[in-house]
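> sequence first, predicted coordinates after that:
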Amino acid sequence: MDNREDGLEERRKRLSAQLADRKAGDAVEAKREAQSEESRKGMALGFKISSEFISAVAVGAILGYGLDYYAGTSPWGMIILLLLGFCAGVLNVLRSVGKVAEPPPLRKKGSGDGAGH
């Protein structure tokens with residue numbers, strides 16, 4: 001009977017060691033997954049910021065080209081609206097990273113707080 005108790009105790013020790021190894025492996029895997037999640041979030045933010053900037057510049061260029069084409073103001077419409085698109089792109093980037101606050105919402109006339117403001 002004593003030999004059987006020793007066998008059970010030995011199996012419990014092996015099982016405890018295997019469980020400890022598995023928990024350590026799970027902790028390493030969880031840490032790796034957390035790092036990879038942060039990397040994906042950073043890449044998504046980078047793509048978002050770059051696409052906002054590029055689209056603002058592209059819209060400015062297209063509107064400037066259209067203005068020059070129909071109004072015959074070549075190249076001034078393209079230059080001015082391209083610069084305005086660049087400024088809008090920079091402002092969008094700064095808003096995305098939190099360096100510039102969003103503008104406050106505009107209130108309609110007559111929808112004040114009753115004090116006439």
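Everything's here; your move.
> check contacts around the residue nearest the centre of the chain.
Centroid-nearest residue in the chain, with CA atoms, centre = their mean: Leu45, separated by 2.9 Å. Residues near Leu45 by CB atoms under 8 Å, 6 or more residues apart in numbering: Ser96. C-betas here are computed from N, CA, C, even on glycine.
> quickly find the element holding it.
helix 2-71 (DSSP states H and E).
> quick one: average pLDDT of that helix?
Averaged over helix 2-71, pLDDT sits at 89.
> how far away from the center of its chain is it?
Relative to the chain's own centre, helix 2-71 is displaced by 13 Å; criterion: CA atoms, centre = their mean, to the nearest Å.
> then stretch 90-108?
That offset, for stretch 90-108, works out to 16 Å (CA atoms, centre = their mean).
> wait, Ile49 sits on Gly98?
No. If you go by CB atoms under 8 Å, Ile49 and Gly98 don't touch, sitting 11.4 Å apart.
> the two: which has the busier surroundings?
More neighbours surround Ile49 than the other of Ile49 and Gly98, with 17 against 8 (other CB atoms under 10 Å).
> identify the residues contacting Val59.
Val59 touches Gly85, counting by CB under 8 Å, 6+ apart.
> look up how far Ala20 lies from it.
As judged by CB to CB, to the nearest Å, Val59 and Ala20 stand 59 Å apart.
> next one: Lys31
17 Å.
> which SSE is immediately downstream of the helix holding Leu45?
helix 76-96.
> as a whole number, average confidence for that following helix?
94.
> go through that helix and flag the buried ones.
Within helix 76-96, the residues that count as buried by 16 or more other CB atoms under 10 Å are Gly77, Met78, Ile80, Leu81, Leu82, Leu84, Gly85, Ala88, Gly89, Asn92, Val93.
> just checking, what packs against it?
When contacts are defined as 3 or more CB pairs under 8 Å, 6 or more residues apart in numbering; DSSP states H and E, helix 76-96 packs onto helix 2-71.
> reformat the buried residues of helix 76-96 as JSON lines; add distance to Ser39.
Shown next, in JSON lines, are the buried residues of helix 76-96 (distance: CB to CB, whole Å):
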{"residue": "Gly77", "distance to Ser39": "42"}
{"residue": "Met78", "distance to Ser39": "39"}
{"residue": "Ile80", "distance to Ser39": "40"}
{"residue": "Leu81", "distance to Ser39": "37"}
{"residue": "Leu82", "distance to Ser39": "34"}
{"residue": "Leu84", "distance to Ser39": "35"}
{"residue": "Gly85", "distance to Ser39": "31"}
{"residue": "Ala88", "distance to Ser39": "29"}
{"residue": "Gly89", "distance to Ser39": "25"}
{"residue": "Asn92", "distance to Ser39": "24"}
{"residue": "Val93", "distance to Ser39": "21"}
